[in-house]
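Participant: coordinates for the following, if possible.
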Amino acid sequence: MTSWRKNILLLLLAAVLITAPIIIFGIPKGNDLPQHFQFAVVFRDSLAHGVLYPSWASDVNSGFGDVGVRFYPPAAYYLLVLLRAVFNNWAYATAATVCALFFVGAVGVYLWCREWFGPRASLIGGSLYVFVPYHVNEIYNAFTFAEFAAACVLPFCFLCVTRVLKRGKLVDSIGLAVSLALLILTHLPLAVIGSMSLVAYVLAFWIKDRGIVSVAHFFGSVCAGLFLSAFYWVRMLSELGLVNHTGEGFISGDYDFRNNFVWSFFYSPAEQYSERSLGFLDLMLFVTLAMAIVAGVFFYRRVERSKRGPVNALLTVLAAAIFFATPLSAPVWERVDFLQRTQFPWRWMAIISLECCVFVAAGAEQINGEATLRRIAMVLGGTALISVTFTVAQVIRPAIFLEPVSFDQTVDALATANSCECWWPIWAKKAALSEATRVAGDGRKITIESWEATDRIFQVSAGDSNMVRVATFYYPNWHARVNGCDAPVLHDDNGAIVVPIPTEDSKVELYFQEPTITRIANYFSAAAWLILAAFGLSRAVTAARIKLR
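Facilitator: So this is what the prediction gives:
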């Protein structure tokens, strides 16, 4: 077996080991778990009805619907639903998804490290990324599933940027475009944070004799990545002002960036510091940085100044991530709106964790069989072992697990449960849910002919009332035809749809239609993915012909 295959198998073993508690005990319970699995159920049901990308979650909120799927990136849910189809069980599918993502992230770090270091050091870096505390905490305590998935895509973004800057080949640029698209399609806050980090990495790692060409390839890849993911972000950005997520209630209090800095012991009130478990974040940061500091000091003492370029770029990104994660950057957060929309400065821990693992690989690369280096190796190994031990003892061991036997019922119940109000339309109120009759017309007889996710048809008998109320939250994309003629779609005081109708017998057709700008974005994305697929197919055919010769 080749060294490369052996190392990949070892990374797979590490992923299986870190996922073993989930396989044995069940799914870790976290605050974000209901939201993520509710989205997963919506995607499962939509795909079952032949809808590739859902526009509206019709069953959520007791049938009043939900638009969260229009704003939350979809990629992680496609993977989860795919494995749900394979295992026919949500618990097994979740364990397999988590294991696969841990493995993918580890391989990404390994390949990135291999751009600079040998197989042994790269294996250490990739393996550490599986066990680094914050990355594991994303699943075992918080269950920030989408952020966790994006953190597994992020290493490939740095890998492809490195290759673009070193070689500038077309295949590297395409790899970067796909990686960036997947990052955007997985978790938007981490996409923002990751993009800032990638720009810092590019600026710090500028190869002057090929700088202009390399940076041109980089920005070309960014544009291509935006085209590939346009079907998501165009409709999200164009409609973001229509949901509560942008309201004061979801950028203040617990969501206020001022209350979510790492290393904020002297910045946050003592009570808040304790209630928000900021001390636990500080401990995670401490044990993660400890191993990177030891490795970094060792690296800089052993390596000549002229050969430090790649690690200098890593140090720049790490320093920037620490700056944005801590109160040092509070004045910047106060003035930059898109940073505030990411809500939590501690999300920068994802970047810190990634960079620290590569730093350890850089230090491990300098260790050889010399007796004088054995003590250094022990110290470096000791700090890494402390980090792994902290993960097992303080992240995995206290986790609360949901029984696998009943987990399917728990997830399926989310299909009609209330969603997070942050994704409700701004005019929607809980009071609307108290009247769940699908269509009400103040005494007029209602006959429902069809009731699909985005198409509803019903007959209304003659009567005095000139309005019907539909048990669906209003959204501007809902349109109506009454007796074959276009009719306005309005909402009542609680945000439920009301449609004006004449006093005679009326046939009402209610349908959900994407706006023109969204449909155009869909075409652009489809074209971009088809071009990419055609390119990949042509390369595969060419490689096959060469092999046959």
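Participant: where does the stretch 351-500 of the chain have low pLDDT?
Facilitator: Scanning the stretch 351-500 of the chain for pLDDT under 70 picks out 368-374.
Participant: hey, where'd the helices end up in it?
Facilitator: If you assign secondary structure with DSSP state H, counting those that start in this stretch, the helices in the stretch 351-500 of the chain sit at 374-390, 404-413.
Participant: list the contacts of the first one.
Facilitator: Just to be clear, that refers to helix 374-390. Under the contact criterion Cβ atoms under 8 Å, 6 or more residues apart in numbering, helix 374-390 has outside partners 124, 128, 131-133, 283-284, 287-288, 290-291, 294-295, 298, 360, 363-364, 367. Using the backbone N, CA and C atoms, a C-beta is placed for each residue, glycine as well.
Participant: can you list the buried residues in the helix or strand of the chain with the lowest mean pLDDT?
Facilitator: Sorted by mean pLDDT, DSSP states H and E, the helices and strands of the chain end with helix 270-275, the least confident at a mean of 74. Buried residues in helix 270-275, counted by 16 or more other Cβ atoms under 10 Å: Tyr273.
Participant: helix or strand next in line after that helix, which one?
Facilitator: Following helix 270-275 in sequence order, the next helix or strand is helix 278-302 (DSSP states H and E).
Participant: distance from the chain centre to the next helix-or-strand element following that following helix, please.
Facilitator: Next in sequence after helix 278-302, counting helices and strands by DSSP H and E, comes helix 309-325. Centroid separation between helix 309-325 and its chain, computed with Cα atoms, centre = their mean, to the nearest Å, is 22 Å.
Participant: now the next helix or strand after helix 309-325: buried residues?
Facilitator: Elements were assigned by DSSP H and E; along the chain past helix 309-325, the next helix or strand is helix 330-335. Going by neighbour count (16+ other Cβ under 10 Å), the buried part of helix 330-335 is Trp333.
Participant: neighbouring contacts of helix 330-335?
Facilitator: Defining contact as Cβ under 8 Å, 6+ apart, one finds that helix 330-335 is touched by 257-258, 261, 267, 324, 339-340, 345.
Participant: buried stuff in the helix or strand containing Ala177?
Facilitator: Under the criterion of DSSP H and E, Ala177 resides in helix 170-184. Residues of helix 170-184 classed as buried under the neighbour-count rule (16+ other Cβ under 10 Å) are 172-184.
Participant: which helices and strands does it pack with?
Facilitator: The helices and strands touching helix 170-184, judged by 3 or more Cβ pairs under 8 Å, 6 or more residues apart in numbering; DSSP states H and E, are helix 145-166, helix 188-204, helix 211-228, helix 516-548.
Participant: what's the first helix or strand after the third one?
Facilitator: Going back to what we said before, that points to helix 211-228. Tracing the chain C-terminally past helix 211-228 and defining elements by DSSP H and E, one meets helix 230-239 next.
Participant: mind saving the C-alpha coords of that next one as PDB?
Facilitator: Extracted as PDB, the C-alpha positions of helix 230-239 are listed here (Å, rounded to 0.1, in the frame of the first residue of the first chain):
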ATOM      1  CA  ALA A 230     -26.000  32.500  -7.700                       C
ATOM      2  CA  PHE A 231     -29.200  30.400  -7.600                       C
ATOM      3  CA  TYR A 232     -29.000  30.600  -3.800                       C
ATOM      4  CA  TRP A 233     -27.500  34.000  -2.900                       C
ATOM      5  CA  VAL A 234     -29.400  36.100  -5.500                       C
ATOM      6  CA  ARG A 235     -32.800  35.200  -4.100                       C
ATOM      7  CA  MET A 236     -31.400  35.400  -0.500                       C
ATOM      8  CA  LEU A 237     -30.000  38.900  -0.800                       C
ATOM      9  CA  SER A 238     -32.900  40.200  -2.800                       C
ATOM     10  CA  GLU A 239     -35.400  39.100  -0.100                       C
END
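Participant: show me which residues of that helix are buried.
Facilitator: 230-236, 239.
Participant: pick the one among the buried residues of helix 170-184 closest to Leu537.
Facilitator: Checking the buried residues of helix 170-184 against Leu537 with Cβ to Cβ, the nearest one is Ile174 at 13.0 Å.
Participant: would you check that that closest one makes contact with Leu532?
Facilitator: Yes: with contacts counted by Cβ atoms under 8 Å, Ile174 reaches Leu532, the gap being 6.7 Å.
Participant: quick revisit: could you identify which of the helices of the stretch 351-500 of the chain is most buried?
Facilitator: Among the helices of the stretch 351-500 of the chain, the stretch with the highest mean neighbour count (mean count of other Cβ atoms under 10 Å) is helix 374-390, at a mean of 17.
Participant: low-confidence ranges, the stretch 151-300 of the chain, go.
Facilitator: Applying pLDDT under 70 to the predicted model, the residue ranges of the stretch 151-300 of the chain that meet it are 206-211, 248-250, 252-253.
Participant: if you set the cut-off to 50 instead, what comes out?
Facilitator: Screening the stretch 151-300 of the chain residue by residue with the criterion pLDDT under 50, one finds the ranges 208-209.
Participant: ok, and the closest non-adjacent residue to the residue nearest the centre of the chain?
Facilitator: Per Cα atoms, centre = their mean, the C-alpha nearest to the average position across the chain is that of His187, at 2.4 Å. Using Cβ to Cβ, 6 or more residues apart in numbering and skipping the chain neighbours, the partner closest in space to His187 is Ala150 (3.6 Å).
Participant: gap between Arg239 and Phe338?
Facilitator: Not quite, residue 239 is Glu, not Arg. Taking Cβ to Cβ, to the nearest Å as the criterion, Glu239 is separated from Phe338 by 17 Å.
Participant: same question, Ser55
Facilitator: Per Cβ to Cβ, Ser55 is found 26 Å from Phe338.
Participant: one step back: just the pLDDT at the residue nearest to His187, thanks.
Facilitator: At Ala150, the predicted lDDT confidence score is 97.
Participant: that one and Gly126, how far apart?
Facilitator: Applying Cβ to Cβ, one obtains 18 Å for the distance of Ala150 from Gly126.
Participant: good, wrapping up.
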